[in-house]
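Student: Kindly return the folded structure for what I paste below:
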Amino acid sequence: MTIAPTAAEAVVPKPSLIARGIGFFSGTVGLAIKLVLLGALNALAVWAIGVLLADEKWLAAILIGASTLLIDAVYLVPQRRLIPLKYLVPGTVFLIAFVAIPIVSNVNIAFTNWSTLHNLTKDEAIVAIEERSLVAPADAATYTSTPAKANGELVLLLRDDVTGDLFVGTEDGLEPLPPASATVENGTIVAAEGYEVIKGNELFAIDAELNALTIPTGEGRFIAPEGLTIANEVQPTLVYDPSADTFTDIETGTVYSDNGEGSYESTAGAELEPGWRTHVGFENFNTILTDPLVRDPFLRVFVWTFAFAFLSVLIQFALGLFLAITLNKPDLKLRRIQRALLVLPFAIPAFLSVLVWQGLLNDEFGIVNQTLRTDIPWLFDPTWAKVSCILVNVWLGFPYWFLVCTGALQAVPEELTEAARVDGAGGLQVFRKVTLPLLLVATAPLLIASFAFNFNNFNNIYFLTGGGPYEVSQTVAGSTDILISYTYKIAFQAGSGAQYGLAAAVSIFIFFIVAGISAISFWRTKALEEIR
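Tutor: Numbering: from 1, shown residues only. Alright, predicted model coming up:
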């Protein structure tokens, strides 16, 4: 005979899978996982602190050490008042890592001269200038070289390409190598008594040491290796004076001094390349405002960027609202299928759609011109390219506004529209006086956000037109470049080399422009609050 469960036993539900999972990870297993993760974090912090201390970045090392100790305390000290921090710490860490640090880094770069020609530290620039100043004299000797080791020291086994004489090159100079003690094959020394020829994978390990090896030959000349098998006799044209921090041209006597802007410059204005990174204050911002080569394209691109974002949002919203109202009739046949079809452009990755449209709009073999039987240069004429950018952007964005407006229309009280009709209002008056104001209450913040998004809509411009077409008189900015693509080209594709500092300054201008427009828009939309 079985005993029926009591009423209390019968109503006790079994724990859900989620509840059982939480219970599993909140016990010993959860503690073990927490200790493992904290151990990994501390190991990473110790490594980072060691690297920072080696570079003498004391403040960063102290901050990382203090932050790590704080995280350990939050997750290990059993205090109830620390429980909120357990949830705040991960979000704060990611906020600092992916928002705060990039912003601070971008602002810092904007106040520097960081560019292709100023991409090194000062010490690295000095070494690079010295290397660039090396030239081969008219009577310079050339050698076929073989890296080798003697008593653990790197040497070069050299064969003169003209005379065939053999030498051993060290940091102390050249020494003759008896021909009888060496084996030469195809003009290269492959073995020598008392020396261990470096072969195979060992050659990759000596790359830095080999490049630093110089063999003095007298009269200011020395032999420098070029790769693994060639060495040339060279002499410098510039001499660096560490005490005065100057370079002097040996032939002309011209002195190049630190100009305070990341370069060694002569009194005549000639600069040595490369330069180095240094802070230049507001110079990049001043360039944007005063240099016609930067200011004029910036203003032209800004006007087009504003027009592109404004027209895109306006047409997207208008088209989406029109379709939402059209398909909002309950008795419309196949309404669900039509709505699904309209959402398809929004479901396809935008960059793929833009690349497809690039082919469709080709003036020679594009299906658009073939269907319309025209030869419109959609992507190769400045005006038509702008039209193409807006039309493609509208095609990509109207499904979003169709969905938003469809949902917003459901929230419009039918009593208000019916009352307006009873009062004698026509369909257009009902829409203008009742439906549209109520829609704007819900969609105004989204309109502002969409404007900000299209203001920086890099993908659609870059993949459709690449910012072009270009005119001969233009700078790096093309006819359809918006501010963000213009900034990208300044940073990576400028004709005189990348200009990271200038691009960072432009990005700060973009931030204040978008922030200002958004703030004004939100302030203006306060009037809609009275409609509620």
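Student: From now on I want contacts and neighbour counts done on CA atoms only, so please keep to that.
Tutor: Will do.
Student: For Phe380, see how far away Phe317 is.
Tutor: Noted for Phe317: a distance of 28 Å to Phe380, by C-alpha to C-alpha, to the nearest Å.
Student: Those two - which one has more neighbours?
Tutor: More crowded of Phe317 and Phe380, by other C-alpha atoms under 10 Å: Phe317, with 24 against 17.
Student: The more buried one against Trp395, yeah?
Tutor: No: counting by C-alpha atoms under 8 Å, Phe317 stays clear of Trp395, with 11.3 Å between them.
Student: Other residues contacting the helix or strand hosting Leu428?
Tutor: Secondary-structure assignment from DSSP states H and E places Leu428 in helix 427-430. Identification of contacts with helix 427-430 by C-alpha atoms under 8 Å, 6 or more residues apart in numbering yields 417, 420-421.
Student: Any idea how far the helix or strand just after it is from the middle of the chain?
Tutor: Heading C-terminal from helix 427-430, the first helix or strand you meet, by DSSP H and E, is helix 436-455. Relative to its parent chain, helix 436-455 has a centroid offset of 29 Å by C-alpha atoms, centre = their mean, to the nearest Å.
Student: what do you get for stretch 56-70?
Tutor: 26 Å.
Student: Now that stretch: buried residues?
Tutor: 61, 64-65, 68 (16 or more other C-alpha atoms under 10 Å).
Student: And for stretch 29-43?
Tutor: Neighbour counts over stretch 29-43 (16+ other C-alpha under 10 Å) mark 34, 38, 42 as buried.
Student: what's the nearest residue to the last one if we skip its chain neighbours?
Tutor: Using C-alpha to C-alpha, 6 or more residues apart in numbering and skipping residues adjacent in sequence, the residue nearest Asn42 is Thr68, 6.7 Å away.
Student: For the one you found, what is the enclosing helix or strand?
Tutor: helix 58-76.
Student: Output that helix as CSV, restricted to C-alpha atoms.
Tutor: Only the C-alpha atoms of helix 58-76 are listed here, as CSV (Å, rounded to 0.1, in the frame of the first residue of the first chain):
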residue,chain,number,x,y,z
TRP,A,58,55.3,54.7,-11.7
LEU,A,59,51.8,56.2,-11.5
ALA,A,60,50.3,53.6,-13.9
ALA,A,61,51.9,50.8,-11.8
ILE,A,62,50.5,52.2,-8.6
LEU,A,63,47.0,52.5,-10.0
ILE,A,64,47.0,48.9,-11.3
GLY,A,65,48.3,47.6,-8.0
ALA,A,66,45.8,49.5,-6.0
SER,A,67,42.9,48.5,-8.3
THR,A,68,43.9,44.8,-8.1
LEU,A,69,44.0,45.0,-4.3
LEU,A,70,40.6,46.7,-4.2
ILE,A,71,39.1,44.0,-6.4
ASP,A,72,40.6,41.2,-4.2
ALA,A,73,39.1,42.9,-1.2
VAL,A,74,35.6,43.3,-2.8
TYR,A,75,35.4,39.6,-3.7
LEU,A,76,37.2,38.0,-0.7
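Student: How about residues contacting the next helix or strand along the chain from it?
Tutor: As assigned by DSSP H and E, the chain's next helix or strand after helix 58-76 is helix 83-95. Helix 83-95 has contacts (C-alpha under 8 Å, 6+ apart) with 71, 74-75.
Student: I'd like those residues written out as a markdown table, with neighbour count and distance to Thr480 added.
Tutor: Listed next are the contacts of helix 83-95 as a markdown table, based on neighbours: other C-alpha atoms under 10 Å; distance: C-alpha to C-alpha, whole Å:
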| residue | neighbour count | distance to Thr480 |
| --- | --- | --- |
| Ile71 | 17 | 48 |
| Val74 | 19 | 52 |
| Tyr75 | 18 | 52 |
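Student: what about Ile337, how many neighbours?
Tutor: Neighbourhood size, Ile337 [other C-alpha under 10 Å]: 9.
Student: all strands of the stretch 101-250 of the chain, in order?
Tutor: 134-135, 142-150, 153-160, 166-170, 173-176, 182-185, 188-192, 196-197, 215-218, 221-226, 230-236, 238-241, 246-249 (DSSP state E, counting those that start in this stretch).
Student: between the ones you listed, which gets nearest to Ala100?
Tutor: Among the strands of the stretch 101-250 of the chain, the nearest to Ala100 by C-alpha to C-alpha is strand 246-249 (39.2 Å).
Student: residues making contact with the closest one?
Tutor: So strand 246-249 is contacted by 237-241, 254-258, 264 (C-alpha under 8 Å, 6+ apart).
Student: Could you do stretch 141-157 as well?
Tutor: With C-alpha under 8 Å, 6+ apart, stretch 141-157 has contacts from 158-162, 166-170, 187-190, 194-198, 209-210, 225, 228-233.
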